[in-house]
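Asker: okay, predicted coordinates and the sequence, questions at the end:
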Amino acid sequence: MTVGVLALQGDFREHADVLRTLGADVIHVRRPEELAVVDGLVIPGGESSVMDKLARAFGLAEPLRARIRSGLPVYGTCAGLIMLADSVLDAIVGQESLGGLDVVVRRNAFGSQTQSFETDLDIPVLGADPVHAVFIRGPVVESVGPAATALATLADGRVVAVEQGNLLGTSFHPEITGEYRFHEYFLSKVRARTLAA
Ligand SMILES: NC(=O)CC[C@H](N)C(=O)O
C-alpha cells in the first residue's frame, strides 16, 4: 500500500510526516508515473490557483481527474478541498478544480491570513473527543449536494468538512496540529479499497 502526497506546492511535507508516523509508505507525487502507483492521495493546503496551474503544467490534471473518478481515496485539506470541489466561488480567472466532491466551496471565505483562527469541532465519525481545527485562509463549503455528506460544521452552521465515498475534504489543517484521526480515517479507506482489489 503506497500513499501519495501531491507535492506541487503547499504543506505536503507535513502531510507526509503524519502519514509516515501512522506507518504508511509515502511518496511525493509530481508526475503522472508517480500518481499511477499510489493507492491513495493527499492534496495538501497551499494555494489552489497555483496548484491548479502546476497540475496542468505538469500534465497531472487529467490523470488526477481520471483516478478520482475511478474511486481513488483522496483527502484534501484547505486548498486540497478546493481542488476536489465540483464548483469553486471566488476562484481567480481561469482557475479550474479537479472536482469529484459534490459541493460548492468559497475560497478565502474567512478573510485574510490575519483573520485565521482556531476552534474545536465535534466530528462524530472520528469519535467523541473534539477536533482542534486551525483555519488559515480556508474555504467554506457553501452547499453540499446530494452525493456528499457534511462531517463538521462551525457553531454558526457553516460546513467545514465533507465526505463522499472515498473522498474527504476539510477547510482546516489537521496535519499541523498533531491531530491524526483524519489521516487514520483516510488510511482506513485506502486499506479497505486495497484489500477489496
Ligand atoms: N491554507 C490554505 O490552503 C489556503 C487556501 C487558499 N486560500 C486557496 O485558495 O487555495
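Answerer: Received, thanks. Numbering: from 1, shown residues only.

Asker: could you pull out the strands for the chain?
Answerer: Assigned by DSSP state E, the chain shows strands spanning 2-6, 25-29, 40-43, 74-77, 85-89, 101-106, 117-121, 131-135, 140-144, 149-153, 159-164, 167-170.

Asker: which residues of the chain lie near the ligand?
Answerer: If contact is defined as Cβ under 6 Å from any ligand atom, the residues of the chain in contact with the ligand are 45-48, 78-79, 82, 107-108, 136-138. C-betas here are computed from N, CA, C, even on glycine.

Asker: mind checking how far residue 126 is from residue 102?
Answerer: Applying Cβ to Cβ, to the nearest Å, one obtains 21 Å for the distance of residue 126 from residue 102.

Asker: ignore the last one, residue 192
Answerer: In this structure, residue 192 and residue 102 are 21 Å apart, going by Cβ to Cβ.

Asker: who's more crowded, those two?
Answerer: Set side by side, residue 192 and residue 102 show more neighbours around residue 102, with 18 against 12, by other Cβ atoms under 10 Å.

Asker: helices of the chain, start to end?
Answerer: When secondary structure is read from DSSP state H, the chain shows helices at 12-21, 32-35, 48-57, 61-69, 79-84, 181-196.

Asker: kindly reformat the ones you listed as JSON lines containing distance to residue 151 and mean pLDDT.
Answerer: Putting the helices of the chain into JSON lines (distance: least, Cβ to Cβ, whole Å; pLDDT from 0 to 100) gives the following:
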{"stretch": "helix 12-21", "distance to residue 151": "18", "mean pLDDT": "98"}
{"stretch": "helix 32-35", "distance to residue 151": "26", "mean pLDDT": "98"}
{"stretch": "helix 48-57", "distance to residue 151": "20", "mean pLDDT": "98"}
{"stretch": "helix 61-69", "distance to residue 151": "18", "mean pLDDT": "98"}
{"stretch": "helix 79-84", "distance to residue 151": "12", "mean pLDDT": "98"}
{"stretch": "helix 181-196", "distance to residue 151": "9", "mean pLDDT": "96"}
